[in-house]
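**Student:** quick one, structure for this:
(one chain, ligands or ions: 2)
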Amino acid sequence: MEPLLSSRGDGLIKAIGPADVIRRQFSGETFEEIIDCSGKCILPGLVDAHTHPVWAGERVHEFAMKLAGATYMEIHQAGGGIHFTVERTRQASEEELFRSFQQRLQCMMRAGTTLVECKSGYGLDLETELKMLRVIERARRELDMGISTTYCGAHSVPKGKTATEAADDIINNHLPKLKELSRNGEIHVDNIDVFCEKGVFDLDSTRRILQSGKDIGLQINFHGDELHPVKAAELGAELGAQAISHLEEVSDEGIIAMATARCSAVLLPTTAYMLRLKQPRARKMLDEGVIVALGSDFNPNAYCFSMPMVMHLACVNMRMSMTEALAAATINAAYALGKSHTHGSLEVGKQGDLIIINSSQWEHLIYQFGGHCELIKYVIVKGKVIYKT
Ligand SMILES: N=CN[C@@H](CCC(=O)O)C(=O)O
Ligand SMILES: [Zn+2]
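**Tutor:** Numbering: from 1, shown residues only. Ligands and ions are numbered 1, 2, ... in the order given. Below you'll find the model as predicted:
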């Protein structure tokens with residue numbers, strides 16, 4: 001089978017079929033580029049359903065602290081973690097943030113990602129959150145990669161405020177401003193996120209923020225049940241969330257509620273691995289019919305750009321099959337972003353986002369841990385080759 005991309009510039013897949021049939025069907029047409037894929041595999045472009053890619057303030061020193069035994073929450077409560085990155089991000093210029101973001105997107109793209117969810121959340125104050133959202137908007141307009149934008153002003157409770165005060169600020173000041181800027185076409189935001197966690201935003205504040213985001217048209221896509229079981233999954237299902245991420249501590253009832261509500265689970269194998277958390281129960285979720293997606297969770301705590309490595313970890317540590325992992329990193333991740341009608345699979349009429357790998361067996365993309373640099377020969381977005389080795 002050989003997918004053929006549209007020659008009319010709309011970037012959509014025009015036809016899929018055996019090479020000789022396709023050749024005959026389009027014999028009269030001219031193409032910018034014809035790629036011989038003999039001995040290679042064509043896969044949908046990978047979709048990364050959860051990243052925090054705009055920030056200044058890396059935290060390699062904290063990696064050392066965690067290796068020495070400190071927990072994520074101990075570092076966070078001592079004023080490090082997200083707070084450390086927030087301070088540096090507030091100080092950084094918009095241009096500086098854009099440049100580092102652009103380089104990170106480039107690394108993701110080379111690892112096969114063609115659509116990525118990008119969160120704000122290292123500003124917490126309105127000014128810096130807007131700075132981050134402008135950076136993401138600029139990338140959306142200027143770069144080739146597909147981006148789904150998430151406002152994550154409730155990523156942490158800012159110093160000097162309680163969770164209730166922070167929630168009030170978001171609801172009364174941040175969200176109205178986002179609504180105004182979206183209406184003027186200055187920024188485009190798709191999703192709203194909250195870090196719903198013991199010691200961060202409790203269920204009540206999370207509910208108020210997410211509902212207010214939904215009221216201005218944002219899809220609910222939030223962090224829940226990561227470090228403690230707080231019934232975030234049950235809340236997300238009740239609010240009609242499109243996706244909930246992490247879920248290491250989700251309850252059985254939460255899993256069933258998510259399956260019934262068609263609320264997808266975005267599992268993050270890098271974080272569970274790096275923080276040595278208990279693994280999310282992917283098998284239970286799959287057995288109960290939850291739509292399981294994957295994300296790299298790229299952030300200063302989990303510094304990983306590579307969805308092939310994420311798939312490998314999901315297979316080994318979460319006991320997913322390679323087919324389940326590929327679905328989770330393509331069509332299901334697109335679902336988590338509300339884009340499965342246009343992205344995430346090779347189908348006529350869908351966006352021509354694909355990767356070509358130098359192996360006749362697609363499983364090599366997962367099997368070769370860290371081998372994607374050699375394997376991925378082409379990355380194509382909307383029918384345009386954006387990376388070639
Ligand atoms: N858990 C909350 N947010 C991120 C971590 C962000 C950070 O530590 O900077 C996550 O998904 O893992
Ligand atoms: Zn996250």
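**Student:** what strand or helix carries whichever residue of the stretch 201-350 of the chain sits closest to ligand 1?
**Tutor:** Nearest residue of the stretch 201-350 of the chain to ligand 1 (C-beta to the nearest ligand atom) works out as N301 at 3.5 Å. Glycine gets a C-beta too; all of them are placed from N, C-alpha and C. Using DSSP states H and E, N301 falls within no helix or strand.
**Student:** residues touching it, list them.
**Tutor:** With contacts defined as C-beta atoms under 8 Å, 6 or more residues apart in numbering, N301 is in contact with R59, E62, Y72, G81, T271, M274, L275.
**Student:** narrow these to those in helices?
**Tutor:** Members of the contacts of N301 lying in helices (criterion: DSSP state H): E62, Y72, T271, M274.
**Student:** so which of the contacts of N301 is the closest to T149?
**Tutor:** T271 (21.2 Å; C-beta to C-beta).
**Student:** residues of the stretch 201-350 of the chain that sit close to ligand 1?
**Tutor:** When proximity is defined by C-beta under 6 Å from any ligand atom, the stretch 201-350 of the chain lies next to ligand 1 at H223, E226, T271, D297, N299, P300, N301, A302.
**Student:** circling back: who wins for neighbours among the ones in helices among the contacts of N301?
**Tutor:** Ranked by the number of neighbours (other C-beta atoms under 10 Å), the ones in helices among the contacts of N301 place T271 first, at 23 neighbours.
**Student:** wait, that residue sits on H246?
**Tutor:** Yes. Contact criterion C-beta atoms under 8 Å: T271 and H246 qualify, at 7.1 Å.
**Student:** that older thread, so what does the residue of the stretch 201-350 of the chain closest to ligand 1 look like in phi/psi?
**Tutor:** phi -90, psi -30 (degrees, to the nearest 10).
**Student:** what's the answer for L239, then?
**Tutor:** Backbone geometry at L239, expressed as degrees, to the nearest 10, gives phi -80, psi 0.
**Student:** neighbours of it, how many?
**Tutor:** Neighbour tally, L239, other C-beta under 10 Å: 17.
**Student:** that one is in contact with Q219, isn't it?
**Tutor:** No. Counting by C-beta under 8 Å, L239 sits too far from Q219 to count as a contact (10.8 Å).
**Student:** immediately after the longest strand seen in the chain, which helix or strand?
**Tutor:** Using DSSP state E to define each element, the chain has its longest strand at strand 146-154. Going down the chain from strand 146-154, the next helix or strand is helix 163-169, by DSSP H and E.
**Student:** up against ligand 1, what does the stretch 51-200 of the chain have?
**Tutor:** Within the stretch 51-200 of the chain, the residues that sit near ligand 1 (C-beta under 6 Å from any ligand atom) are H52, G81, I82, T85, F195.
**Student:** most neighbours among these, which one is it?
**Tutor:** If you rank those by neighbour count (other C-beta under 10 Å), I82 sits at the top with 28 neighbours.
**Student:** wait, what's in contact with it?
**Tutor:** Contacts of I82 (C-beta under 8 Å, 6+ apart): H76, G121, Y122, H155, S156.
**Student:** sheet partners, orientation included, of the longest strand of the chain?
**Tutor:** strand 113-119 (parallel), strand 191-196 (parallel) (DSSP bridges).
**Student:** on that earlier part again, as a markdown table, the contacts of N301 with distance to I35 and pLDDT would be great.
**Tutor:** Listed next are the contacts of N301 as a markdown table, based on distance: C-beta to C-beta, whole Å; pLDDT from 0 to 100:
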| residue | distance to I35 | pLDDT |
| --- | --- | --- |
| R59 | 41 | 96 |
| E62 | 43 | 96 |
| Y72 | 44 | 95 |
| G81 | 45 | 94 |
| T271 | 36 | 97 |
| M274 | 37 | 96 |
| L275 | 41 | 95 |
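**Student:** domains of this protein?
**Tutor:** 2-42+353-388, 46-336 (automatic domain parsing).
**Student:** mind checking the end-to-end distance for the longest one?
**Tutor:** When you say that, I think you mean domain 46-336. 13 Å (C-alpha to C-alpha, to the nearest Å).
**Student:** again with stretch 262-275
**Tutor:** End-to-end for stretch 262-275, by C-alpha to C-alpha: 29 Å.
**Student:** work out the gap between that stretch and the centre of the chain.
**Tutor:** 11 Å (C-alpha atoms, centre = their mean, to the nearest Å).
**Student:** over to stretch 256-267?
**Tutor:** Relative to its chain's centre, stretch 256-267 lies at 16 Å (C-alpha atoms, centre = their mean).
**Student:** quick one: contacts of that stretch?
**Tutor:** 49-50, 221, 233-234, 236-238, 240-247, 250, 280, 282, 285, 288-295, 314, 318, 328, 332-333, 335-336.
**Student:** in helices, which of the residues you listed fall?
**Tutor:** 233-234, 236-238, 282, 285, 288, 314, 318, 328, 332-333, 335-336.
**Student:** show the end-to-end separation of stretch 239-249, please.
**Tutor:** Length of stretch 239-249, first residue to last, C-alpha to C-alpha: 19 Å.
**Student:** give me the buried positions along that stretch.
**Tutor:** L239, A241, Q242, A243, I244, S245, H246, L247, E248, E249 (16 or more other C-beta atoms under 10 Å).
**Student:** same check, this time on stretch 361-380
**Tutor:** For stretch 361-380, using 16+ other C-beta under 10 Å, the buried residues are 362, 364-368, 371-372, 375-380.
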